[in-house]
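J.: Okay, predicted coordinates and the sequence, questions at the end:
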Amino acid sequence: MATYRKYNWSELFDAFELSELTQTEFCQQHSINPKYFNVKWNQRRHLANEPTGFARLQVASSTHPTSTAFKLGLIILQTSITAFKS
């Protein structure tokens, strides 16, 4: 009967990238089935390429505190704050 192990894949992938070994060599040293490692490796790479729905936003200081522009790829979002005097 097969024995199943739980692996910390993120730690293994980090160790693999630092090792400069081939997948086969790395798997032999860590007693991992190379085919299974490769499946998990490809799943990780596939998930890394999927958009998450979040974008990095960097706000630079502005000389006009009542107006700010955010650039997101090809899109520029412009915001303006109007002060009302009473």
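T.: Great, that's in hand.

J.: Show residues contacting the helix of greatest length in the chain.
T.: When the chain is parsed with DSSP state H, its longest helix is helix 34-48. Applying Cβ atoms under 8 Å, 6 or more residues apart in numbering, the contact partners of helix 34-48 are Trp9, Leu12, Phe13, Phe16, Gln23, Thr24, Phe26, Cys27, Gln28. Using the backbone N, CA and C atoms, a C-beta is placed for each residue, glycine as well.

J.: Any buried residues in it, and which?
T.: Phe37, Trp41 (16 or more other Cβ atoms under 10 Å).

J.: Dump it to CSV, restricted to CA.
T.: Output of helix 34-48 as CSV, limited to C-alpha atoms (Å, rounded to 0.1, in the frame of the first residue of the first chain):
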residue,chain,number,x,y,z
PRO,A,34,9.7,13.6,-9.5
LYS,A,35,6.5,13.3,-11.5
TYR,A,36,4.4,14.5,-8.5
PHE,A,37,6.9,17.3,-7.9
ASN,A,38,6.6,18.4,-11.5
VAL,A,39,2.8,18.4,-11.3
LYS,A,40,2.8,20.6,-8.2
TRP,A,41,5.5,22.8,-9.7
ASN,A,42,3.4,23.4,-12.8
GLN,A,43,0.3,24.1,-10.7
ARG,A,44,2.2,26.7,-8.8
ARG,A,45,3.5,28.4,-12.0
HIS,A,46,0.0,28.4,-13.5
LEU,A,47,-1.5,29.9,-10.3
ALA,A,48,1.2,32.6,-10.3
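
J.: Right, I'll leave it there.
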